[in-house]
Structures are given as structure tokens and as C-alpha cells.
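**Student:** this one's structure only:
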């Protein structure tokens, strides 16, 4: 028997986002979903791998998010990669529009999760990383790991 999901569990996480982008800030947005999309999300099925958000005509849209068709849905099932509207306040949308007008700035979905029974999307305000930045991050992570390993060995008395 499958273990029951927690109420505020993550449905999908975009792991590549923090590797490919420098996340400056995050914000939470609601999603406009159909019934079969919600049922598919309740099964824990979704992918943010190729997803991105765009501000168009005063509204924010999520593209490329894959929510598979509901297995027990009928002919009124949803299209898996359709554009989905994000629910934000007018002021937030204005800020996002100004942010994305700058060169090299984009909106990246980081996490899709449940909050109080509603699907929410954590949206990252991001700038692209160069290959050099990615290598630098990997080197820093390796150095930190090596340092922690050395400290642990010293504590053991070796």
C-alpha cells in the first residue's frame, strides 16, 4: 500500500533551475486548473523540467509544464502541456513585467506543491548563469564537502 502524501507536500521540483539560473527572489502563485488536472496532480504526477513563465497582456502564463492526462478521465480530459494562467496580484504582475524587460532576466518555476488543499507554484525571478559560473559553483560545493570530511575525521581523532 502506498504511503499517504502529506497535505503540503511538493508535487514536482525543478532541480535544474538552480543549476542553470541565479535565483534572485521567489514568489508564490496560484494556478488555474481543470478538474482532471487537479486529480492528476493529486496522484503526484507533474513535471516542471521544460517549464517557463511569461507575462503577456497583463497576465502571467505558465508554458511547458507537463501534467499527464488523468487515467480515469473521459473524453473531456485535459491537454498535458497546455498553457496555464497563474494567479497573482496586479502589483506583482507589474513588478514581474518590469523584471523580465531587463536583458537576461526570466521567470523560472521552481516547485509545484499543495498549500491548504490548493495547488501553488513557487516562481523564481532569475538571471542566466554562464558556464564559468556553473563550474565555480561546483568547485565551491566540492571544496565545502572536502572541508566537512576533514573536520569529521579530526573530530574522530584520526
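**Tutor:** Arrived safely. This is a predicted model, so every value here is computed, not measured.
**Student:** hmm, which helix or strand of the chain has the shakiest average pLDDT?
**Tutor:** Sorting the helices and strands of the chain by mean pLDDT, DSSP states H and E puts helix 17-20 at the bottom, at a mean of 81.
**Student:** Report the buried residues of that helix.
**Tutor:** Going by neighbour count (16 or more other CB atoms under 10 Å), the buried part of helix 17-20 is 17, 18. For the C-beta atoms, the positions are set from N, CA and C on the backbone; glycine is no exception.
**Student:** Show me what that helix is packed against.
**Tutor:** strand 105-115, strand 118-128, helix 131-156 (3 or more CB pairs under 8 Å, 6 or more residues apart in numbering; DSSP states H and E).
**Student:** can you tell me the average pLDDT over the second one?
**Tutor:** Spelled out, it's strand 118-128. For strand 118-128, mean pLDDT is 87.
**Student:** List the contacts of residue 14.
**Tutor:** Counting by CB atoms under 8 Å, 6 or more residues apart in numbering, residue 14 makes contact with 48, 49, 51, 108, 109, 110, 111.
**Student:** Contacts only, for residue 70.
**Tutor:** Shown in contact with residue 70 (CB under 8 Å, 6+ apart): 36, 37, 39, 40, 43, 77, 78.
**Student:** Residue 87 too?
**Tutor:** 29, 30, 31, 32.
**Student:** Dead centre of this protein: give me the residue that sits there.
**Tutor:** residue 110 (1.9 Å; CA atoms, centre = their mean).
**Student:** Show the contacting residues for it.
**Tutor:** Taking CB under 8 Å, 6+ apart, one finds 13, 14, 17, 18, 23, 26, 48, 122, 123, 124 in contact with residue 110.
**Student:** could you redo the last one with a cut-off of 10 Å?
**Tutor:** Contact analysis of residue 110 by CB atoms under 10 Å, 6 or more residues apart in numbering lists 10, 12-15, 17-18, 21, 23, 26, 48, 51, 121-124, 126.
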